[in-house]
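Prediction below, plus the sequence it came from.
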Amino acid sequence: MTAFKPGDPTTLNRLYGRSSGHKLRAGQQELVDRLLPQISVPADGPITAERLFGEPRPLHFEIGFGGGEHLASRADMLPDHGFVGAEPFLNGVAQALGHIRDQRLANVRLHMGDALEVLRRVPDGALSFLYLLHPDPWPKARHAKRRMVNDGPLALFAEKLKPGGELRIATDHPVYLDWALMIMQRHVATFEWTAESPSDFLEPSGGWIQTRYGAKSRREGRRPYYLRYRRR
């Protein structure tokens, strides 16, 4: 396993991204004020299914859930699983809270802030799925160390996924796709790419919900790519 070393150019110690956009509507602000505290990930201590949901169950973790449509859809599809989502962007958190309220989802917990901080508190081998969907590509070469697909985060992902657990990555950016394939190739000892034919990474599969961003990419003539890796 690649060492997770501070200062390494391929190590990401925190999540880069904006934290707010347009002003929330009154209804969204109420969700942030009332619902978010009820379903927030605890501020400290281990992040386990037993602690979050009161019982053992398969645990999913989504890094940067955007507006939360994928997180909510998967949680609705798998009500006996537990879902943790982390997103630093306030407007996205508000949108996700709307999905959780409207779909009456009791199996989702949210963290508004740095996903890596929460992920480090998940016990090793506890995750069944880890999702990284349309992360910021940071296309300039000088920003490559900010990309989430890098040696440091991948070492952390490998620690937290159980054997047979799945890492799912989606991107519509050709620079990020090439980078992700290159970096993942360095981690073949811990991650097995499940694709057997082009259709396996050109179309979502395995209960994969297309995000709003993925749908927008297609409308604007960009092709999303869907990469699935299994923890060896």
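Yep, it's here.

lowest-confidence helix or strand of the chain?
helix 212-219 (a mean of 83; mean pLDDT, DSSP states H and E).

The helix or strand following that one vs helix 212-219, what angle?
Once the chain leaves helix 212-219, the next helix or strand it forms, by DSSP states H and E, is strand 225-231. Here the directions of strand 225-231 and helix 212-219 differ by 140 degrees (axes from the mean of the first three to the mean of the last three CA atoms, to 10 degrees).

Can you point out the buried residues in the least confident helix or strand of the chain?
Buried residues in helix 212-219, counted by 16 or more other CB atoms under 10 Å: 213-214, 217. Backbone N, C-alpha and C define where each C-beta goes, glycine included.

Sketch out the low-pLDDT regions of the protein for me.
1-21 (pLDDT under 70).

so where do the helices sit in it?
For the chain, the helices defined by DSSP state H occupy 26-30, 36-39, 49-53, 69-77, 90-102, 115-119, 151-160, 174-185, 199-202, 212-219.

Quick one: closest of those to Trp138.
Across those, Trp138 has its closest neighbour in helix 174-185 (8.0 Å, CB to CB).

Could you check the angle that closest one makes with helix 151-160?
Using the same axes, to 10 degrees: helix 174-185 against helix 151-160 is 60 degrees.

Contacts for the longest strand along the chain, please.
Longest among the strand segments of the chain by residue count, using DSSP state E, is strand 161-171. Around strand 161-171, the neighbours that count as contacts under CB atoms under 8 Å, 6 or more residues apart in numbering are 125-135, 137, 149, 157, 177, 180, 191, 194, 204, 206, 208, 211, 214, 224-232.

can you do 7 Å?
125-134, 137, 149, 157, 177, 180, 191, 208, 214, 224-232 (CB atoms under 7 Å, 6 or more residues apart in numbering).

Filter the residues you listed down to the buried ones, PyMOL style.
The following PyMOL line selects those of the contacts of strand 161-171 that are buried, judged by 16+ other CB under 10 Å:
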select buried, resi 126+127+128+129+130+131+132+133+134+137+149+157+177+180+191+208+214+224+225+226+227+228+229+231
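
okay, now Gly45: neighbour count?
For Gly45, the count of nearby residues is 9 (other CB atoms under 10 Å).

residues contacting it?
Arg121.

gap between it and Arg120?
12 Å (CB to CB, to the nearest Å).

Please determine how far the residue located most distally from the centre of the chain is located from Leu177.
For the chain, the residue at maximal distance from the C-alpha centroid (CA atoms, centre = their mean) is Ala26, at 27.6 Å. Relative to Leu177, Ala26 is positioned 40 Å away (criterion: CB to CB).

how far does stretch 108-115 stretch from start to finish?
End-to-end distance of stretch 108-115: 15 Å, with CA to CA, to the nearest Å as the criterion.

Run through who's touching that stretch.
In contact with stretch 108-115 (CB under 7 Å, 6+ apart) are residues 14-15, 36, 39-41, 52, 63-64, 71, 75, 83-88, 90, 93, 96, 100, 118.
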